[in-house]
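**Q** sequence-free structure coming up:
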């Protein structure tokens, strides 16, 4: 299977992120305020050079299109975490962490795992330490540790009581997808992760990915997915399905 281009890898990771960011919302308990596709009002105002940010009407957030949102994600998150220089799987895990909790926190979490100075910026030292770690032990262990640490951070937040269920599902799904991208599906999974993936949303996401991938293999172009390798989408969908089936079997036999 040919290696995906940097643009295709970003598009693939962005598709996963947007599955969980959703559309327009203005939850009174969400510190981000008015948000669309995960882009907050403050972020959009800064992107459009509107100052102070509250001068940007909420209607502009609601009208935000996917193309502009993608450019914001690329500039503010993907490039910030050096997604194009990360191995498959870790690119998604770190990118989604950055979107959900801020690039600085995601990067410092990775740096802590690599035992390098946690300054919130990825440079030659961090990339060098990452390369050495992967050469010695592979990428899957980093993905697992990063997702575990991310979930632990979220559980300590005061807003976990409100948003915790969704955060749990998101981290578990990103964990599974990242391992699938890295080519490493775990044979055993912790009980907490089994519970997180017990909902049928996993099947729905996998079915969509499978249909799009099969359509691509048949020569049918699907808008917004033209940069994706159809075979890769099919493999990721099957990884989701078989992971969940394995989890259900483990639970029933437990």
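**A** Looks like it arrived, so ask away. Since this is a predicted model, take the numbers as computed values, not measurements.
**Q** where does the stretch 1-150 of the chain dip in pLDDT?
**A** 1-2, 29-31 (pLDDT under 70).
**Q** which parts of it are strands?
**A** Along the stretch 1-150 of the chain, counting by DSSP state E, counting those that start in this stretch, strands occupy 35-36, 39-40.
**Q** can you count the residues close to residue 137?
**A** 10 (other CB atoms under 10 Å). (Glycine included, C-beta is placed from N, CA and C.)
**Q** relative to residue 143, how far out is it?
**A** Counting by CB to CB, to the nearest Å, the gap from residue 137 to residue 143 is 12 Å.
**Q** wait, what's in contact with residue 75?
**A** residue 47 (CB atoms under 8 Å, 6 or more residues apart in numbering).
**Q** in contact with residue 45, which residues?
**A** Counting by CB under 8 Å, 6+ apart, residue 45 has contacts 51, 52, 53, 54, 55, 56.
**Q** count of neighbours near the nearest residue to residue 47 once chain neighbours are set aside?
**A** Nearest non-adjacent residue to residue 47, counting by CB to CB, 6 or more residues apart in numbering: residue 72, 5.3 Å away. When neighbours are counted by other CB under 10 Å, residue 72 registers 19.
**Q** if we can go back for a sec, just the strands of the stretch 1-150 of the chain: most buried one?
**A** Comparing those by mean neighbour count (mean count of other CB atoms under 10 Å), strand 35-36 comes out on top with a mean of 24.
**Q** hmm, who's touching stretch 92-106?
**A** Residues contacting stretch 92-106 (CB under 8 Å, 6+ apart): 12-13, 16-17, 20-21, 38, 73, 76-78, 80-81, 83, 86, 107, 109-110, 120, 143, 146-147, 150, 153-154, 167, 170, 174-175, 177-178, 181.
**Q** only whichever of those are buried, select them in PyMOL.
**A** Burial among the contacts of stretch 92-106 is assessed by 16 or more other CB atoms under 10 Å; the matching PyMOL selection reads:
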select buried, resi 12+13+16+17+20+21+38+73+76+77+78+80+81+83+86+107+109+110+143+146+147+150+153+154+167+170+174+175+177+178+181
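**Q** among the contacts of stretch 92-106, name the ones in helices.
**A** The helices, defined by DSSP state H, take in 12-13, 16-17, 20-21, 73, 107, 109-110, 143, 146-147, 150, 153-154, 167, 170, 174-175, 177-178, 181 from these.
**Q** among the contacts of residue 45, which ones are buried?
**A** residue 56.
**Q** pipe the contacts of residue 45 into JSON lines and attach distance to residue 63 per row.
**A** Shown next, in JSON lines, are the contacts of residue 45 (distance: CB to CB, whole Å):
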{"residue": "51", "distance to residue 63": "20"}
{"residue": "52", "distance to residue 63": "20"}
{"residue": "53", "distance to residue 63": "17"}
{"residue": "54", "distance to residue 63": "17"}
{"residue": "55", "distance to residue 63": "16"}
{"residue": "56", "distance to residue 63": "11"}
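**Q** buried stuff in stretch 126-133?
**A** 126, 129, 130, 133.
**Q** quick one: contacts for the last one?
**A** Under the criterion of CB under 8 Å, 6+ apart, the neighbours of residue 133 are 114, 142.
**Q** and the gap between it and residue 105?
**A** 20 Å.
**Q** again, but for residue 157
**A** In terms of CB to CB, residue 157 sits 11 Å off from residue 105.
**Q** for residue 87, same thing?
**A** For residue 87 relative to residue 105 (CB to CB), the value is 21 Å.
**Q** and for residue 178?
**A** 18 Å.
**Q** how about residue 164?
**A** 17 Å.
**Q** cool, residue 176 as well?
**A** Taking CB to CB, one finds residue 176 at 22 Å from residue 105.
**Q** touching, residue 121 and residue 107? I think so.
**A** Yes - using CB atoms under 8 Å, residue 121 makes contact with residue 107 at a distance of 6.7 Å.
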